[in-house]
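K.L.:
The sequence and its predicted three-dimensional model are supplied below.
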Amino acid sequence: MRGIPGLKRLRLKICRRCALLLLLLWAACWVLVSAALFLLHRSVFSERCTDEKSHRILARLCLDYSSGALTGDLCEDLCVAQKLVYKHCLYYDRGKKVIQADWRGQPIILKSKKEIFSSYQHLSMLEEVETQDIPETELLLMVALEVKNALGLELSNNTMGPLWTRKKGPRWKAQVASMWSLLQQEEYIYFSLLQDFSKHVLRIIGSCGHFYAVEYLTAGHAWHKTLFPLENVIGPSLTGHRSRVRAIIDIALSFLDMVQHFDNDFSHRLHLCDIKPENFAIRHDLTVVAIDVDMAFFEPKMRDILEQKCTGDEDCNFFDCFSKCNLKIRKCGAQRANNNLQVICDKIFRRWFSPNLRGPLVSLPLQLQLQKAVQECAQPGHTGATGHQRTLKSLSQLYHLLRVTQRELQGAE
């Protein structure tokens, strides 16, 4: 009987040692996993958005400007007159830099796909000849080829205006080099080409080297109750329930206008493959604006992206743009199986017109009709003529129901 307490103590020591070994093993595994993650994703730390790094980026930009390597209509205000002032860093994403600044009392956003001017592909022609000796037709041809590579579009010389400056002078070589860095950024090309034709894209204000400035608008966010900060649009004094509902109806109608516009008003349909509140903003007149079009593609480019090898339909999904797999030839169809309207109904309208958002301002039958129309619109459709007819029907039905809702709200005042 005396040996039993000793046996208990021995067991206790063994348990303690096992627990200690397990703890040490767990700690070693944690260290190894952390080290592996650090090695695999070390860019996460280097890409942290900080004021210090943003100041260094802009200082380097101004150094290149003072050396004559680059130029732009905003360089003097940024680097000399101090009329373009840094405010704070918004985000860095896979090399893309997005910075908020103040320009002559107006908030703006500075964007660039890469941090340093020299990171962009250099135009070797600039070193071979004097820039002002390069025929303008040759430069326009290079611009057209760059646009075709980026967007898949064929452009004529008379549509190059927003992308090409004809000013010759002592900094013309820097102008061409700066232009070439901007042309390597698809989003800049989209905004430049579309700003005179569409109210649904950001307005470009100017540029300095590889950085371009666009109007400042507050992006939406999925965690926001109304998806978009309506107090910034309709004012804090008008953010009562009735004002919010009216604003949401107006914004929904603007989304439908944008869908119809992107589908029909250009030479090719414009597909949005990353539809989420963060990629849109609302102007004060309640117009929906696409503020991030890195994942937007005109029809020719969209077909090239979708037409890939596959073993099933899941291989034909490119973010929000889906295609169907032809199992006979194991290739995705070039035609998109869903569309902008279906994804907007699914990711935006469902949140606004779900049963839990019912209220007394709009009659219950109309609310139920609107919810049913949104649910039907959000369902994946058919390709070809059948799908097109279904989309047109959904678009027409939503327009009608939203306008009836507008009239009910106005009549209740």
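P.N.:
Ah, there it is. Residues are numbered from 1 along each chain as shown.

K.L.:
Could I get the contacting residues of the nearest residue to Arg242 once chain neighbours are set aside?
P.N.:
Sequence neighbours aside, Leu361 is the residue nearest to Arg242 in space, at 5.9 Å (criterion: Cβ to Cβ, 6 or more residues apart in numbering). From N, CA and C alone the C-beta is placed, and that goes for glycine too. For Leu361, the contact set (Cβ atoms under 8 Å, 6 or more residues apart in numbering) comprises 241-242, 245, 408-409, 412.

K.L.:
Mind doing that once more with 10 Å?
P.N.:
241-242, 244-246, 367, 405, 408-409, 412 (Cβ atoms under 10 Å, 6 or more residues apart in numbering).

K.L.:
Now do the phi/psi pair for it.
P.N.:
Leu361 adopts backbone torsions of phi -70, psi -30, taken as degrees, to the nearest 10.

K.L.:
What distance do you get for it to Leu306?
P.N.:
42 Å (Cβ to Cβ, to the nearest Å).

K.L.:
And Leu183, by the same measure?
P.N.:
Relative to Leu306, Leu183 is positioned 25 Å away (Cβ to Cβ).

K.L.:
Then Cys345?
P.N.:
According to Cβ to Cβ, Cys345 stands 21 Å off from Leu306.

K.L.:
contacting residues for the most centrally placed residue in the chain?
P.N.:
Centroid check for the chain by Cα atoms, centre = their mean gives Asp292 as the closest residue, at 2.5 Å. Taking Cβ under 10 Å, 6+ apart as the criterion, Asp292 is in contact with 93, 96, 98, 111, 187, 202, 219, 272, 274, 276, 278-281.

K.L.:
Mind checking which of those are buried?
P.N.:
Neighbour-count burial (16 or more other Cβ atoms under 10 Å) applied to the contacts of Asp292 gives 96, 98, 111, 187, 202, 219, 272, 274, 276, 279-281.

K.L.:
Can you get me the start-to-end distance on stretch 317-324?
P.N.:
Using Cα to Cα, to the nearest Å, one end of stretch 317-324 lies 8 Å from the other.

K.L.:
And for stretch 338-346?
P.N.:
One end of stretch 338-346 to the other measures 11 Å (Cα to Cα).

K.L.:
Count residues in the vicinity of Ala59, would you?
P.N.:
Neighbours of Ala59 under the rule other Cβ atoms under 10 Å: 12.

K.L.:
For it, grab phi and psi.
P.N.:
phi -60, psi -40.

K.L.:
That one is in contact with Ile116, isn't it?
P.N.:
No - Ala59 is not in contact with Ile116 according to Cβ atoms under 10 Å; the separation is 11.7 Å.
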